[in-house]
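>>> Just to be clear, the model below is a prediction. Sequence and coordinates:
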Amino acid sequence: MTYNCTCDYDLPKIYWAKVRRARKEYSCYECGSKILPGDLYEYAFGLYDYGDKPYQPRTCEHCVDIRMWVKNNVPCFCWAHGNMIEDAKEAVNEAHYRAPQETVGLRFGLLRRIELRDRFHAARIAP
């Protein structure tokens, strides 16, 4: 069985991303948590039209891990910066709807990873 994946949103004209180590504090574009100096994070650069202002989201290591896990487990995962978690939930639900027997535990796996990310960030804030 082949599965065609089509994403119904415009892709940026220019886009690149790479992993960096923070030299100062940033905020994760996905979850809003702090990225502290020394943390690994993903820095992306995108431009939708050559006249538009570029966007430069920074994503914490945990959100990148969630995104990669979903990409590895769902045949079609269309996501956008700033909405990745909701897009991941939608993709997992769609995969479960299409193949319920083959995706047992997929929702649990996603929610588990989100919970672990949230606990990690909450522990950093706690006194």
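Cool, got the structure.
>>> now the strands: where do they sit in the chain?
Remark: strands of the chain, listed N- to C-terminal, are 14-21, 26-27, 34-35, 40-47, 58-60; assignment by DSSP state E.
>>> Could you export the ones you listed as CSV, including mean pLDDT, mean neighbour count and distance to Glu115?
The C-beta positions use only the backbone N, C-alpha and C, and glycine is treated the same way. What follows is the strands of the chain, written out as CSV (pLDDT from 0 to 100; neighbours: other Cβ atoms under 10 Å; distance: least, Cβ to Cβ, whole Å):
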stretch, mean pLDDT, mean neighbour count, distance to Glu115
strand 14-21, 95, 11, 24
strand 26-27, 96, 16, 20
strand 34-35, 96, 20, 18
strand 40-47, 95, 17, 20
strand 58-60, 97, 23, 15
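>>> of these, which approaches Ala88 most closely?
Of all the strands of the chain, the one in closest proximity to Ala88, counting by Cβ to Cβ, is strand 58-60 (12.7 Å).
>>> For that closest one, enumerate the helices and strands it packs against.
Taking 3 or more Cβ pairs under 8 Å, 6 or more residues apart in numbering; DSSP states H and E as the contact definition, the neighbouring helices and strands of strand 58-60 are strand 40-47.
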